[in-house]
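Q: how does the following fold in three dimensions:
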Amino acid sequence: EINVFINTGSYYNVLTMGTTASGIFIDELMLGDKFEYDCQVAIADLIFNRAVIPQNDRGAIMLISCLNTVCAKYVTAGYIQAGNWTLDDVLDLEKGTYLPTGYRVQVDSFDNQPIEDRNARKCPPIYVCVKLGGKCMKFNITNYINR
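A: Below you'll find the model as predicted:
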């Protein structure tokens, strides 16, 4: 949780929940940016450390495995959790599908790739679908003390 402390003058300070103007919580936004960055770095590392990412199913498996590793770290951190996919269909992931890991990584088929893209050595789109974990931000604590 990130809270924002605002000094509205010399008289008092205000503590407010850390949200953006659009209402998105700032920690969710920052972790989303970090997640995207970590995915990009993981793919860059894969390309750097491998001589070739083949334009076939083996290449797709390499890409998916690489990004699954990133997603698993974010599950451990609590950013991603199991749940039902509530957005529109993405390739084989249909609305309402339960994601036991909280994520599914998919690559468009190399077989369906236009020849121009294949000759230009472009990878088909990669889809990283994640279910956010949510978090507790408000607590009501009741203490019962008995002598």
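Q: near residue 90, how many other residues are there?
A: 16 (other CB atoms under 10 Å). Any C-beta I mention is one placed from the backbone N, CA and C, and that applies to glycine too.
Q: do residue 94 as well
A: A count of nearby residues for residue 94, using other CB under 10 Å, gives 10.
Q: same deal with residue 35?
A: Neighbours of residue 35 under the rule other CB under 10 Å: 20.
Q: can I assume it is in contact with residue 79?
A: Yes. Counting by CB atoms under 8 Å, residue 79 is a contact partner of residue 35 at 6.8 Å.
Q: C-terminal to the lengthiest helix in the chain, what's the next element?
A: Identified as the longest helix of the chain according to DSSP state H is helix 26-49. Next helix or strand after helix 26-49 toward the C-terminus (DSSP states H and E): helix 57-76.
Q: what angle sits between that next one and helix 26-49?
A: Between the axes of helix 57-76 and helix 26-49, defined by axes from the mean of the first three to the mean of the last three CA atoms, to 10 degrees, the angle is 150 degrees.
Q: so for the longest helix of the chain, what's the average pLDDT?
A: Averaging pLDDT along helix 26-49 yields 90.
Q: could you check that helix and say which residues are buried?
A: Judged by neighbour count using 16 or more other CB atoms under 10 Å, the buried positions of helix 26-49 are 27, 28, 31, 35, 38, 39, 42, 43, 46.
Q: likewise for stretch 54-69?
A: Those would be 55, 59, 60, 62, 63, 64, 66, 67, for stretch 54-69 by 16+ other CB under 10 Å.
Q: give me the contact list for it.
A: 39, 42-43, 45-46, 50, 53, 103, 105-107, 109-110, 113, 118, 121, 123, 126, 128 (CB atoms under 8 Å, 6 or more residues apart in numbering).
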